[in-house]
Structures are given as C-alpha cells and as structure tokens.
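Participant: Have a look at this prediction, sequence included:
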Amino acid sequence: MRKRLFIEELFAKALMAFSTFVVFVFVFSIVSTIIKYGWHALSWELVSQLPTGGFYLGKGGGFLNAIVGSLYIVGASTILGLTISIPIVFFLNVYLTPQSKFGYAARLAFDILFGVPSIVYGAFAFSIMIYLGMKASLLGGIVVVTLLIIPIFIRTMDETARNFPRDLLDATYSLGATRWETLWIIVRQIAPGIATATLLSIGRAIGDAAGVMLTTGFNDSIPTSLSDQTASLPLTVFFLWQTPSRAVQERAYAAALVLTLIVLALSILGRLISNKFSKNKL
C-alpha cells in the first residue's frame, strides 16, 4: 500500500515538474525569439517618430503612434472597467447572500463572457457602431476593450471577495457602518485581488488585435480626440509582418519587443502595488 502511494506521489511530482518545464520552454522560446530578431532592429527612431509614407515598405519613421494609441486604449479601458466592475463585485458579495440564485446566474454569465473570443466582442461593437452611425475611432476601441476585460475584472475580484471573512462584515455593521461604508473596507482587503485582476486585464487588453481591428481603424498620427482613428501595437505587428521584406518583418519583432517590455513594466508595477497593499491590510 505504501509503495503504491509512494509511486503515485512520485508520478504526480514528475508530471508537475514536466508541465512546469514545458511551460518554461514555451515562454523562453517566445521571448528569446522576440529578443533575437527585434533587439537589433529596435532603435530610438522607431519608438520616437511617427511613420512616414513608406514606413511599411521599409522607409524611415517609427511606430510612436501605435505606442501612444495602445496606452490610450488600455489606460482608459482599465479605469472604466474598474469603475464598472467594483460596484458589481460589491453587490454580489454584500447585497446578495452566498446562496442567491441571481448571484449564481450572474457568475455563470460572467464565466461565459470570460471565454468569448475578442473578435466576437469586436463584431458586436462594430454592429452597434454601424447602427448608431459611428465610425471607427479611439472611443470604439475603448468601449470594445472595456467590454472584453470587465468579465476578467469581475471574476478575478469576485473569487478574492468570496474569501472575505463574513464576521468582519458583521462587525462593521454592529458598529453602525452602512453598506456603502463597508465597501471601502472590502476594497482595502481585496486590493491584491484587484491588482491581479488589473494585470490580467491589461495583458489581454494591450495584446488584443481582433477586437480593435474592427472598431479603432488605423492612423499614422497620434489621436487628438475620441473620434479619431488610432493605431495599436498588435495591429502594427500584424501589418508589418504581412510585408514580404525581411527588414520590415524585423520591425514587427521590434514592435512586439516594445509591447512585451510595456507588459513587463506594468506587471512589475502591479506586483509592487499588490505587495504594498498585502503588507498593510487591516
């Protein structure tokens, strides 16, 4: 009996180690490929200048418009997504009981929305834009990316909030606190979960190409209003990679490298914020 349990445990450990190794190999292969082909193509000109007329054919210029456009879309959609998601999580975990059928149905709906491909969100937003007479614009990209990341925000924060001790809620109510005042206690306690949800959302938002392709259009200049079309780094990588020129394809790797560095920087910042809140929880 003990020998069989020992063999099962050894097999499980070997399987976990192998799975970890496979994931590490894939991540290392992707990152090393981007660095190998993108590092020597990356230059200050590429990240500090707007594209010229022949940029996508190998001439001068850069993709500053795509960097700024991606940051605009991600920044606005993240703030908007948090503004919408936090009250929903608060309602599910404070105003509803754990046995609520409505809460169960809502969580199931958000689970389904979590797995919907981004192209579906883009097609839905595009059809609404056509119905309203809107053109592709920065606003359209912000809206579709916000719809894309709201399920990520809600389900990630909800899993953290469901582990929130109910006794602490009862204690705040016994001291005369309102449910609105209790919200700030919950937000402080689930701050690491909010940081994690933000990281996951930013990672998906900044890397989305299918949704924004239908709603933002593409522009070689930096948008100055919500009605302007805008470029993004994923679309820039897509358009550059379609060019048969090897030099232009290397620019696609350079854009992918910049995108990776932005995600890495935001991830490190999010981890620092999460650790800070974790050390100062009530």
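Facilitator: Done, it's in.
Participant: what about the strands in the stretch 1-150 of the chain?
Facilitator: Using DSSP state E, counting those that start in this stretch, the stretch 1-150 of the chain contains no strands.
Participant: all helices for it, in order.
Facilitator: Taking DSSP state H, counting those that start in this stretch as the criterion, the stretch 1-150 of the chain contains helices spanning 2-38, 44-48, 64-90, 101-114, 118-132, 138-161.
Participant: Distance from the chain centre to the longest one, please.
Facilitator: Same thing as helix 2-38. Averaged C-alpha coordinates place helix 2-38 at 25 Å from its chain's average position (Cα atoms, centre = their mean, to the nearest Å).
Participant: cool, and the fifth one?
Facilitator: Shown here is helix 118-132, whose average C-alpha point lies 19 Å from the average C-alpha point of the whole chain (Cα atoms, centre = their mean).
Participant: related to what we said a few turns ago, now render the helices of the stretch 1-150 of the chain as CSV, adding mean neighbour count, mean pLDDT and distance to A256.
Facilitator: To be clear about C-beta, it is placed using only N, CA and C from the backbone, and glycine gets the same treatment. Shown next, in CSV, are the helices of the stretch 1-150 of the chain (neighbours: other Cβ atoms under 10 Å; pLDDT from 0 to 100; distance: least, Cβ to Cβ, whole Å):
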stretch, mean neighbour count, mean pLDDT, distance to A256
helix 2-38, 11, 85, 5
helix 44-48, 13, 86, 12
helix 64-90, 20, 89, 11
helix 101-114, 14, 88, 25
helix 118-132, 16, 86, 18
helix 138-161, 24, 88, 19
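Participant: so can I have JSON lines of those showing distance to L200?
Facilitator: Output for the helices of the stretch 1-150 of the chain, formatted as JSON lines (distance: least, Cβ to Cβ, whole Å):
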{"stretch": "helix 2-38", "distance to L200": "16"}
{"stretch": "helix 44-48", "distance to L200": "26"}
{"stretch": "helix 64-90", "distance to L200": "11"}
{"stretch": "helix 101-114", "distance to L200": "10"}
{"stretch": "helix 118-132", "distance to L200": "14"}
{"stretch": "helix 138-161", "distance to L200": "5"}
